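[1] Return atomic coordinates for the entry below.
(one chain, ligands or ions: 1)
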Amino acid sequence: MLKKKLLVLFALIPLFTTAYAAADNPHIMTLAGSCAACHGTNGLSLGGTPVLAGLDAGYFVKRMHEYQKQTDSTEVMPQNVRGLTAEEILQLGQYFAEQPRAYPHAQEHSLKARSQTMRGK
Ligand code: HEC
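    Okay, the predicted model is just below:
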């Protein structure tokens, strides 16, 4: 019984170690770059596509596998996930989960606007 649990534990170790290295992995960064056209740089979408930055990694992986099952679909996402391996999906999920869901420029603008109203301009 204990032996079985230990085996499961050891089987999971490579998953965690590779997942943490997602942002340092040029292959994963290239894949993430291909998502940027629609989902924005680092997953920060400025348009109507969903924001991937800060998305829960478990939810991300689940959605990606759902898209992979939609093989007969002409929708955009099933075509984008077709060639991805489970490992790549896992690492992409880790990468996007680590990206801050913040818009530095938008914040700058609103701060400027606020300080201007406070000064009565
Ligand atoms: C050509 C545009 C396009 C590209 C490229 C693209 N996506 Fe998408 N993605 C969409 C659109 C549009 C949606 C929302 C509609 C839908 O679910 O199909 C979406 C939805 C998603 C969702 C679901 C988000 C949610 O909140 O449920 C995930 C996850 C996702 N994309 C990940 C990716 C990843 C990872 C890549 C790169 C490998 C990628 N997408 C590339 C257009 C794109």
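
[2] what sits up against the helix or strand where C38 lies?
    Using DSSP states H and E, the element containing C38 is helix 26-39. Around helix 26-39, the neighbours that count as contacts under C-beta atoms under 8 Å, 6 or more residues apart in numbering are 22-23, 42-43, 45, 47, 49-52, 76, 80, 84, 88, 91-92, 95-96. Bear in mind the C-beta positions are built from the backbone N, C-alpha and C, glycine included.

[3] Show me which of those are buried.
    22, 42-43, 45, 51-52, 80, 84, 88, 91-92, 95-96 (16 or more other C-beta atoms under 10 Å).

[4] closest to K5 among the residues you listed?
    Nearest to K5 among the buried ones among the contacts of helix 26-39, counting by C-beta to C-beta, is Q91 at 25.8 Å.

[5] Leaving out the residues flanking it, which one is nearest to the closest one?
    Once flanking residues are discounted, Q91 sits nearest to A22: 4.2 Å by C-beta to C-beta, 6 or more residues apart in numbering.
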